[in-house]
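**Q** need a 3D model of the sequence below.
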Amino acid sequence: MEDSLIQLNDLPDEILMMVLKKLHSCDVLYSLIGVNKRLDTIVQDSFFTAYLTLTVPPYGFLNFTDPILDRFCSKILPKIHHKIGWINVESSSMERFLRSKNYPNLYGLGLCHLASETARDLFTGKIFVLWKLFNSKFPKSNFITYHSSTNESLRTDLNNPPRKLFVILS
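**A** Got it, this is the predicted structure:
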(Lines give C-alpha, C1' and ligand atoms only; values in the text may rest on other atoms or scores of the structure.)
Protein backbone atom coordinates (compact mmCIF):
# COMPACT_ATOMS: atom_id res chain seq x y z
CA MET A 1 0.00 0.00 0.00
CA GLU A 2 1.30 3.41 -0.90
CA ASP A 3 1.72 6.05 1.75
CA SER A 4 -1.20 8.41 1.68
CA LEU A 5 -1.10 11.98 2.79
CA ILE A 6 -4.36 13.02 4.42
CA GLN A 7 -4.71 16.58 5.56
CA LEU A 8 -7.10 18.17 8.03
CA ASN A 9 -9.12 19.67 5.19
CA ASP A 10 -9.66 16.20 3.68
CA LEU A 11 -11.75 15.02 6.65
CA PRO A 12 -15.54 15.17 6.43
CA ASP A 13 -17.18 17.88 8.58
CA GLU A 14 -18.66 15.32 10.99
CA ILE A 15 -15.31 13.70 11.76
CA LEU A 16 -13.58 17.04 12.00
CA MET A 17 -16.21 18.20 14.53
CA MET A 18 -15.72 15.02 16.57
CA VAL A 19 -11.98 15.69 16.73
CA LEU A 20 -12.32 19.41 17.49
CA LYS A 21 -14.87 18.80 20.26
CA LYS A 22 -12.12 17.02 22.20
CA LEU A 23 -10.12 20.26 22.33
CA HIS A 24 -10.62 23.43 24.36
CA SER A 25 -12.78 25.94 22.46
CA CYS A 26 -10.26 28.77 22.86
CA ASP A 27 -7.57 26.63 21.32
CA VAL A 28 -9.86 25.69 18.43
CA LEU A 29 -10.95 29.29 17.81
CA TYR A 30 -7.46 30.73 18.09
CA SER A 31 -5.90 28.08 15.85
CA LEU A 32 -8.51 27.74 13.12
CA ILE A 33 -10.44 31.00 12.67
CA GLY A 34 -9.12 32.71 9.58
CA VAL A 35 -7.53 29.60 8.04
CA ASN A 36 -10.21 29.15 5.38
CA LYS A 37 -13.98 29.56 4.94
CA ARG A 38 -14.79 25.93 5.68
CA LEU A 39 -12.90 25.89 8.98
CA ASP A 40 -14.34 29.32 9.88
CA THR A 41 -17.85 27.92 9.46
CA ILE A 42 -17.09 24.77 11.45
CA VAL A 43 -15.39 26.49 14.41
CA GLN A 44 -18.10 29.15 14.63
CA ASP A 45 -20.54 26.40 15.58
CA SER A 46 -22.38 27.10 18.84
CA PHE A 47 -20.49 24.22 20.48
CA PHE A 48 -17.35 26.37 20.43
CA THR A 49 -18.91 29.81 20.84
CA ALA A 50 -21.94 29.62 23.18
CA TYR A 51 -19.92 29.06 26.36
CA LEU A 52 -16.49 30.60 26.09
CA THR A 53 -13.76 30.26 28.72
CA LEU A 54 -10.93 32.71 28.22
CA THR A 55 -8.80 31.83 31.22
CA VAL A 56 -5.21 30.74 31.66
CA PRO A 57 -4.23 27.07 31.95
CA PRO A 58 -5.09 24.47 33.27
CA TYR A 59 -8.35 25.04 31.32
CA GLY A 60 -6.69 25.30 27.93
CA PHE A 61 -3.33 25.17 26.26
CA LEU A 62 -3.16 28.87 25.51
CA ASN A 63 -1.46 31.25 27.86
CA PHE A 64 -3.12 34.60 27.21
CA THR A 65 -0.17 36.81 26.31
CA ASP A 66 -0.70 40.25 24.75
CA PRO A 67 -0.47 39.00 21.13
CA ILE A 68 -3.05 36.29 21.86
CA LEU A 69 -5.34 38.79 23.60
CA ASP A 70 -4.91 41.15 20.64
CA ARG A 71 -5.92 38.43 18.18
CA PHE A 72 -8.94 37.41 20.26
CA CYS A 73 -10.13 41.00 20.63
CA SER A 74 -9.45 42.13 17.06
CA LYS A 75 -10.02 39.03 14.90
CA ILE A 76 -11.94 36.33 16.78
CA LEU A 77 -14.48 38.12 18.99
CA PRO A 78 -15.77 40.30 16.11
CA LYS A 79 -16.70 37.10 14.25
CA ILE A 80 -18.40 35.31 17.16
CA HIS A 81 -19.56 38.02 19.62
CA HIS A 82 -23.24 37.58 18.69
CA LYS A 83 -23.06 33.83 19.43
CA ILE A 84 -21.57 34.04 22.93
CA GLY A 85 -24.05 33.26 25.70
CA TRP A 86 -21.62 32.89 28.59
CA ILE A 87 -18.05 34.06 28.91
CA ASN A 88 -15.50 33.28 31.63
CA VAL A 89 -12.61 35.74 31.80
CA GLU A 90 -9.63 36.43 34.02
CA SER A 91 -9.92 39.57 36.10
CA SER A 92 -6.66 40.82 34.58
CA SER A 93 -8.10 40.82 31.06
CA MET A 94 -11.84 41.23 31.68
CA GLU A 95 -12.05 44.89 30.73
CA ARG A 96 -10.20 44.27 27.49
CA PHE A 97 -12.55 41.45 26.46
CA LEU A 98 -15.72 43.17 27.60
CA ARG A 99 -14.96 46.46 25.89
CA SER A 100 -13.87 44.89 22.59
CA LYS A 101 -17.41 44.12 21.32
CA ASN A 102 -21.06 44.17 22.28
CA TYR A 103 -22.41 40.76 23.26
CA PRO A 104 -26.15 40.87 22.45
CA ASN A 105 -26.87 37.28 23.56
CA LEU A 106 -24.68 37.21 26.66
CA TYR A 107 -26.63 36.02 29.69
CA GLY A 108 -23.75 35.22 32.05
CA LEU A 109 -20.26 36.27 32.96
CA GLY A 110 -17.71 34.36 35.04
CA LEU A 111 -14.95 36.38 36.64
CA CYS A 112 -11.97 34.21 37.54
CA HIS A 113 -9.17 35.05 39.95
CA LEU A 114 -10.84 38.25 41.06
CA ALA A 115 -9.05 39.96 43.94
CA SER A 116 -11.16 40.70 47.00
CA GLU A 117 -10.67 44.45 46.73
CA THR A 118 -11.58 44.47 43.03
CA ALA A 119 -14.71 42.43 43.74
CA ARG A 120 -15.70 44.76 46.54
CA ASP A 121 -15.20 47.78 44.25
CA LEU A 122 -17.09 46.20 41.36
CA PHE A 123 -20.11 45.05 43.31
CA THR A 124 -20.67 47.60 46.07
CA GLY A 125 -21.37 50.67 43.98
CA LYS A 126 -17.98 52.25 44.61
CA ILE A 127 -17.10 51.72 40.96
CA PHE A 128 -19.59 49.11 39.72
CA VAL A 129 -18.03 49.13 36.25
CA LEU A 130 -19.65 45.84 35.28
CA TRP A 131 -23.14 47.09 36.06
CA LYS A 132 -22.67 49.97 33.63
CA LEU A 133 -21.17 47.65 31.00
CA PHE A 134 -23.93 45.09 31.41
CA ASN A 135 -26.66 47.68 31.43
CA SER A 136 -25.59 49.11 28.08
CA LYS A 137 -23.88 46.26 26.24
CA PHE A 138 -25.44 43.02 27.46
CA PRO A 139 -29.23 43.32 27.49
CA LYS A 140 -29.90 39.63 28.15
CA SER A 141 -27.55 39.33 31.13
CA ASN A 142 -29.04 38.14 34.38
CA PHE A 143 -26.17 37.43 36.73
CA ILE A 144 -22.47 37.42 37.41
CA THR A 145 -20.53 34.54 38.89
CA TYR A 146 -17.61 35.47 41.08
CA HIS A 147 -14.78 32.95 41.45
CA SER A 148 -12.36 33.76 44.22
CA SER A 149 -9.06 31.99 44.67
CA THR A 150 -10.95 29.37 46.70
CA ASN A 151 -13.39 28.80 43.81
CA GLU A 152 -16.40 30.22 45.65
CA SER A 153 -19.31 31.20 43.44
CA LEU A 154 -21.87 33.91 43.91
CA ARG A 155 -24.69 34.92 41.63
CA THR A 156 -26.65 38.12 41.63
CA ASP A 157 -29.56 39.42 39.63
CA LEU A 158 -28.30 42.39 37.61
CA ASN A 159 -31.81 43.69 37.03
CA ASN A 160 -32.03 44.33 40.76
CA PRO A 161 -28.45 44.86 41.95
CA PRO A 162 -27.80 44.72 45.67
CA ARG A 163 -26.51 47.79 47.46
CA LYS A 164 -23.83 45.82 49.24
CA LEU A 165 -22.93 42.40 47.90
CA PHE A 166 -19.83 41.58 49.93
CA VAL A 167 -19.35 42.30 53.57
CA ILE A 168 -16.31 40.14 54.24
CA LEU A 169 -14.14 38.55 51.58
CA SER A 170 -11.32 36.18 52.34
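**Q** flag the shaky bits of this structure, pLDDT-wise.
**A** 1-3, 56-64, 116, 119-170 (pLDDT under 70).
**Q** quick one: the helices in it, in order.
**A** Assigned by DSSP state H, the helices in the chain fall at 13-20, 25-32, 37-43, 46-49, 66-71, 77-80, 94-100, 116-123, 129-137.
**Q** so which elements touch the fourth one?
**A** Looking back up the chat, that one is helix 46-49. Counting contacts by 3 or more C-beta pairs under 8 Å, 6 or more residues apart in numbering; DSSP states H and E, helix 46-49 packs against helix 25-32. Quick note: C-beta positions are derived from backbone N, CA and C, even for glycine.
**Q** angle of the helix it packs on against helix 13-20?
**A** 120 degrees (axes from the mean of the first three to the mean of the last three C-alpha atoms, to 10 degrees).
**Q** hmm, back to that, dump the helices of the chain into a markdown table; add distance to Ile87 as well.
**A** Shown next, in a markdown table, are the helices of the chain (distance: least, C-beta to C-beta, whole Å):
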| stretch | distance to Ile87 |
| --- | --- |
| helix 13-20 | 20 |
| helix 25-32 | 11 |
| helix 37-43 | 17 |
| helix 46-49 | 10 |
| helix 66-71 | 14 |
| helix 77-80 | 9 |
| helix 94-100 | 7 |
| helix 116-123 | 16 |
| helix 129-137 | 12 |
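**Q** looking at those helices, which is buried most?
**A** Highest mean neighbour count of the helices of the chain: helix 25-32, a mean of 20 (counted as mean count of other C-beta atoms under 10 Å).
**Q** so who does the nearest residue to Tyr51 once chain neighbours are set aside touch?
**A** Once flanking residues are discounted, Tyr51 sits nearest to Trp86: 4.7 Å by C-beta to C-beta, 6 or more residues apart in numbering. Neighbour list for Trp86: Ala50, Tyr51, Leu52, Leu106, Tyr107, Gly108, Leu109, Gly110 [criterion: C-beta atoms under 8 Å, 6 or more residues apart in numbering].
**Q** again, 7 Å this time
**A** Residues in contact with Trp86 (C-beta atoms under 7 Å, 6 or more residues apart in numbering) are Tyr51, Tyr107, Gly108.
**Q** buried ones from the residues you listed, can you make that a PyMOL selection?
**A** Buried members of the contacts of Trp86 can be picked out in PyMOL with the line below, counting by 16 or more other C-beta atoms under 10 Å:
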select buried, resi 108
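**Q** if we only consider the contacts of Trp86, which is nearest to Val28?
**A** Set against Val28, the nearest of those by C-beta to C-beta is Tyr51 (12.9 Å).
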